[in-house]
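S.K.: here you go, sequence then predicted model.
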Amino acid sequence: MKRLFFLLCGMGLYSILTAQHAGNIHQQQPIKSQHLQQAPAQQSNQFAPPTLDPNYFYVNVKVLYNQVPDAFLAIFNVMQLGQDAEDANAQMGTRIEAILEGLAKIGVPRTEVFIDMISQIPIYEYEVQKKVFSKTYQEIPAGIELQKNLHVRFKDGNLMEKIVRLMAQQEVFELVKVDYLIKDQGKILQEVRKAALEYSQEEIKSYSALGVKYDTLPVLFNDSRKVIFPLTRYMSYPSKASSSLKEKIKDPSQVKQVRTPKVVYYQALPTDDYSVVINPLVNEPCVQFHYELMLRYQLYIPPVQVRVEQKTIREKEYIILTPDGNARTLELNRTEENDDN
């Protein structure tokens, strides 16, 4: 059973070394590059600019803000096998206590670590029961599998390598993911909105040189905003490394190919489509704030259509008697025109 525990830990060793600031969550499903417009965003009702519509003029401004995180939250999965629940908890408690002491020495106090209880599951094995003419396999309890997650919060990103080495010393190899924390997102969103408004006003001033007084025209606006975290911006591709001895081997069936490694890298949101980029010179994964503002000016106000409605008023009614003795109604009507405007 102890060998089974080391096998499970060893399987997670390679994956943690390939993504220390992303986590092993990206190993489960490929993270593909997605255009920003495909992702949901908080926005008001949209309107699309018509093609060559002479009645409207559009100003579209996009702002991108790169923010280095204020803190990180790394989640490590700890697994322990034991003969029973008491044994598993005692062994895991010893390992976690050593981890907490080590974290305190590198500047991460116990108050910055949260222990999340995940599961406590019994493990079964089969016991052969022989009879006179047959044998059966009976499932019996063999031990306990205990899992807990350690949530470690720290401010200095350079501590990540020390934390990983400290976890490995206690046979904790599974880094689930790393969250990037921002203190005041609202303040940053206000800043990007202000930058968009200032840039749009400069654009309007430059267009006013053409003779159009935009400050007197009716205007509608639409905006959208989104926060992009690094976890969604990690891309991957299979490594192109391969052996060059294939032609020298006579029998290809004797060759056993190893697993092709997956290269993972961080791809920040491209800035070529943005009018303003705040804090562009960042050399580490960061939280990116996207804001887009669209203004629609109505250049020509259509004339008001005046509708004239005719109304017939019956003032008096006369009844006459014809020579053949029949009664006939004589109507005298007056027509009025009403201007609905």
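M.R.: The structure has been received and is ready for your questions.

S.K.: just the helices in the stretch 151-300 of the chain please.
M.R.: Assigned by DSSP state H, counting those that start in this stretch, the stretch 151-300 of the chain shows helices spanning 159-169, 185-208.

S.K.: who are the packing partners of the first one?
M.R.: Under the contact criterion of 3 or more CB pairs under 8 Å, 6 or more residues apart in numbering; DSSP states H and E, helix 159-169 touches strand 71-82, helix 85-105, strand 135-154, strand 174-181. Using the backbone N, CA and C atoms, a C-beta is placed for each residue, glycine as well.

S.K.: possible to save these as TSV with mean neighbour count, distance to V304 and mean pLDDT?
M.R.: Compiled in TSV, the helices and strands packed on helix 159-169 are given as follows (neighbours: other CB atoms under 10 Å; distance: least, CB to CB, whole Å; pLDDT from 0 to 100):
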stretch	mean neighbour count	distance to V304	mean pLDDT
strand 71-82	20	59	95
helix 85-105	15	73	95
strand 135-154	15	63	85
strand 174-181	18	55	93
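
S.K.: any chance of a markdown table for the helices of the stretch 151-300 of the chain, columns mean pLDDT and distance to G82?
M.R.: As requested, these are exported to a markdown table (pLDDT from 0 to 100; distance: least, CB to CB, whole Å):
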| stretch | mean pLDDT | distance to G82 |
| --- | --- | --- |
| helix 159-169 | 95 | 20 |
| helix 185-208 | 92 | 43 |
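
S.K.: can you redo the ones you listed as TSV with mean neighbour count?
M.R.: Conversion of the helices of the stretch 151-300 of the chain to TSV gives the following (neighbours: other CB atoms under 10 Å):
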stretch	mean neighbour count
helix 159-169	17
helix 185-208	15
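
S.K.: need those helices in CSV with distance to N149, can you?
M.R.: Below are these laid out as CSV (distance: least, CB to CB, whole Å):
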stretch, distance to N149
helix 159-169, 12
helix 185-208, 25
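
S.K.: picking up where we left off before, the helices and strands packed on helix 159-169: which one's closest to E198?
M.R.: Nearest of these to E198, taken as CB to CB: strand 174-181 at 27.7 Å.

S.K.: got the angle between that closest one and strand 135-154?
M.R.: Taking axes from the mean of the first three to the mean of the last three CA atoms, to 10 degrees, one finds that strand 174-181 is oriented at 30 degrees with respect to strand 135-154.

S.K.: sorry, back to before: distance to G211 for the helices and strands packed on helix 159-169 - can I get that in JSON lines?
M.R.: JSON lines is the format used below for the helices and strands packed on helix 159-169 (distance: least, CB to CB, whole Å):
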{"stretch": "strand 71-82", "distance to G211": "53"}
{"stretch": "helix 85-105", "distance to G211": "67"}
{"stretch": "strand 135-154", "distance to G211": "58"}
{"stretch": "strand 174-181", "distance to G211": "49"}
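
S.K.: could you pull up the contacting residues of F221?
M.R.: Neighbouring residues of F221 by CB atoms under 8 Å, 6 or more residues apart in numbering: L293, M294, L295, R296.
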